[in-house]
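Structure for the following, please:
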Amino acid sequence: MTLSMHSSSVPTFLRTLTAMSSWLDAAEAHASAKSFEVDEFVGFQLTPDMKPLSFQVQSACDAAKLCVARLAGTEAPSWKDDESTIAELRGRVSKTIEYVNSISAAQVDGSEEQAIEMQAGPDRTLTFTGEDYLRGFAIPNFFFHATMAYALLRQGGVPIGKVDFLGAL
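Numbering: from 1, shown residues only. Alright, predicted model coming up:
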């Protein structure tokens, strides 16, 4: 049995997005237990030249929704990047899960050789086959931003670990 484009993408995104939602829940519980405002996490950065938690969550969500939309040959929904609270970030994750769930296997499977073009800045267009896009760009990009979100919460003292990152086993 071969892996399909759908089974190689959608379940992976859903598992980590669901885990991300639980990390945000854990951040809320941690802030409550330590008596500080949970929304302080939203602006956390690993270093001054890296984007904050809000950007990392938004970017992970965008990576998932854009991947499945591109593979399905459809237009992804466009959302403003204006979340400024943990609750709003959790909402962004939730609507991403809903969108990714709405893309059927029939829409994505067979997209291995489909041409995927995307802008990488104002003067650069990247072109991939569907399979190369999924394996070489979309999944690594998604996990980069998900990992940064996880690391920022860990840096803030949220008691989450590897099992929380991996999600339901």
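
In terms of helix, strand or coil, where does the most centrally placed residue in the chain fall?
Nearest to the mean C-alpha position of the chain, by CA atoms, centre = their mean, lies Ala60 at 2.3 Å. Per DSSP: H, G, I helix; E, B strand; the rest coil, the secondary structure class of Ala60 is helix.

Repeat that for Met20.
helix.

Next, count neighbours for it.
When neighbours are counted by other CB atoms under 10 Å, Met20 registers 28. C-beta coordinates here come from the backbone N, C-alpha and C atoms, glycine included.

Once you drop chain neighbours, what's closest to it?
Spatial nearest neighbour of Met20, excluding adjacent residues (CB to CB, 6 or more residues apart in numbering): Val93 at 5.4 Å.

Tell me who's in contact with the one you found.
17, 20-21, 24, 57, 61 (CB atoms under 8 Å, 6 or more residues apart in numbering).

Sketch out the helices for the protein, chain order is fine.
Secondary structure of the chain (DSSP state H): helices at 10-34, 53-72, 86-102, 105-108, 130-133, 139-155, 162-166.

out of these, deepest packed?
helix 53-72 (a mean of 24; mean count of other CB atoms under 10 Å).

now for that helix, which elements pack on it?
When contacts are defined as 3 or more CB pairs under 8 Å, 6 or more residues apart in numbering; DSSP states H and E, helix 53-72 packs onto helix 10-34, helix 86-102, helix 105-108, strand 115-119, helix 130-133, helix 139-155.

Let's see that with 6 Å instead.
If you count contacts as 3 or more CB pairs under 6 Å, 6 or more residues apart in numbering; DSSP states H and E, helix 53-72 packs onto helix 86-102, helix 105-108, helix 139-155.

closest one to Met118 among the ones you listed?
With respect to Met118, and counting by CB to CB, the nearest of the helices and strands packed on helix 53-72 is helix 139-155 at 10.6 Å.

So which elements touch the closest one?
helix 10-34, helix 53-72.

Burial check on Pro159, number of neighbours?
Residues near Pro159, counting by other CB under 10 Å: 12.

shaky segments in the protein?
Counting by pLDDT under 70, the chain contains low-confidence ranges at 1.

one step back: find the pair from the contacts of Val93 with maximum spatial separation.
Maximum pairwise distance in the contacts of Val93, criterion CB to CB, is 11.9 Å, between Leu24 and Cys61.
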